[in-house]
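Asker: quick one, what's the 3D model for this:
(chains A, B, C and D)
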2 protein chains.
Amino acid sequence: MGSRHRGPKEEVRALNAFIALSRAADSVESRTHAVMAEEGLTESQFGVLEALHHLGPLCAAELAKKVLRSKGNLTLVIANLERDGLARRTTREEDRRYRTVELTRKGRTLMEKTFPRHARLVAKTMGALEPGEQDELRRLCRKLGKAAAG
Amino acid sequence: MGSRHRGPKEEVRALNAFIALSRAADSVESRTHAVMAEEGLTESQFGVLEALHHLGPLCAAELAKKVLRSKGNLTLVIANLERDGLARRTTREEDRRYRTVELTRKGRTLMEKTFPRHARLVAKTMGALEPGEQDELRRLCRKLGKAAAG
DNA sequence: TTGATATAGTTCAACATCGAACTATTAAAT
DNA sequence: ATTTAATAGTTCGATGTTGAACTATATCAA
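Answerer: Numbers count the residues shown, from 1 in each chain, chains lettered A, B, ... in the order given. Now for the predicted structure:
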């Protein structure tokens, strides 16, 4: 495994870390995908529902920041959630540019049932690392993410 | 930041690590996206070209494993590369089920120009972490990825 | 030889994703 | 008040992505 790049040591090291990072994220996400698929949810839909579940009503632009997707994407994902009766959009009268997105009762019920299963699966999967390793992974990822985003 | 889940400590720790992992991978990938976009390449196309560049000719199923995507997906991505004159497909006469995918001269030239820039950008981005931290990140991600894939 | 099985690749419907162009609405500037 | 700028959201075309059904080819077993 690892990069076959023949360049400066510093680049080989960085590429190896980057490849491992991408693959680990992919692997864990493909596991969590199973729980969502059982409920007929996509990853994106679950991400939006989870944000609404834990943070309460948000507008589309706020949701886009939370789930790291474009505004245009959110328009579609939210529309599909609304079609399936899991979320609802209402235009704010104070500022008619905004449309507040919130869970329906059906959406809330679904998340109350599904999120705990998701959390258990994530815990089980991350359990491949010791608690201290999980914390260290988090620290490194946050440090990296902060720099890469800036 | 971090999970708002009110569950067992073990689940909170795992969710926090998982969220950080996903976001870090997203952040770094969105940076590398810039270099590819300049050349009119998507991430998927670059991934396939890079595999062919470093490993030589491969069939679609092998490529699918390398880039962690489905066979159906590879059919499209390879078709688009072929359309753009960057790769070529040839049916193997020893076993006509297989179609060998390889770079064209144009594709090789493009990768010789583009990959070094990609490597420099990755090194610069990962430079937010000390060398030892990059190695530790790699170790943790590999340990996790191995377990999550199995 | 024939039939079962396995594998490589394609096709398809549904959904995701981006970026850019666009509309609607509000705020700021003059 | 009118123009200008900024922001929220939608639309659109191109591409990606999956999983399942499908075709073509090859292998193995009886």
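
Asker: when you work out contacts or count neighbours from here on, use the C-alpha atoms and nothing else.
Answerer: Noted.

Asker: how about the most centrally placed residue in chain A, phi and psi?
Answerer: The residue lying closest to the centre of chain A (Cα atoms, centre = their mean) is A:Gly47, at 4.9 Å. When read as degrees, to the nearest 10, the backbone of A:Gly47 gives phi -60, psi -40.

Asker: which residues does the closest residue in space to it that isn't next to it in sequence contact?
Answerer: Sequence neighbours aside, A:Val67 is the residue nearest to A:Gly47 in space, at 6.5 Å (criterion: Cα to Cα, 6 or more residues apart in numbering or on different chains). By Cα atoms under 8 Å, 6 or more residues apart in numbering or on different chains, the contact set of A:Val67 is A:Ser44, A:Gly47, A:Val48.

Asker: in contact with the first one, which residues?
Answerer: Residues counted as contacts of A:Ser44 (Cα under 8 Å, 6+ apart) are A:Val67, A:Val77.

Asker: against A:Glu39, how distant is A:Leu63?
Answerer: Separation of A:Leu63 from A:Glu39 (Cα to Cα, to the nearest Å): 21 Å.

Asker: in terms of neighbours, single out the busier of those two.
Answerer: A:Leu63 (22 against 11; other Cα atoms under 10 Å in any protein chain shown).

Asker: list the residues that contact that one.
Answerer: Contact partners of A:Leu63, counting by Cα under 8 Å, 6+ apart, are A:Val48, A:Ala51, A:Leu74.

Asker: give me the element it is part of.
Answerer: helix A:60-67 (DSSP states H and E).

Asker: list the buried residues of the helix or strand just after that helix.
Answerer: Where DSSP H and E defines the elements, the next helix or strand beyond helix A:60-67 is helix A:71-83. Buried residues in helix A:71-83, counting neighbours by 16 or more other Cα atoms under 10 Å in any protein chain shown, are found at A:Leu74, A:Val77, A:Ile78, A:Leu81, A:Glu82.

Asker: could those be laid out in a markdown table, adding distance to DNA strand D?
Answerer: Shown next, in a markdown table, are the buried residues of helix A:71-83 (distance: Cα to the nearest atom of the strand, whole Å):
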| residue | distance to DNA strand D |
| --- | --- |
| A:Leu74 | 7 |
| A:Val77 | 9 |
| A:Ile78 | 7 |
| A:Leu81 | 12 |
| A:Glu82 | 11 |
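
Asker: so the helix ranked longest in chain A, near chain B or not?
Answerer: Counting by DSSP state H, the longest helix found in chain A is helix A:9-38. Yes: for helix A:9-38, a contact with chain B is found by Cα under 8 Å from any Cα of the partner chain, at A:10-11, A:13-18, A:20-25, A:27-28, A:31.
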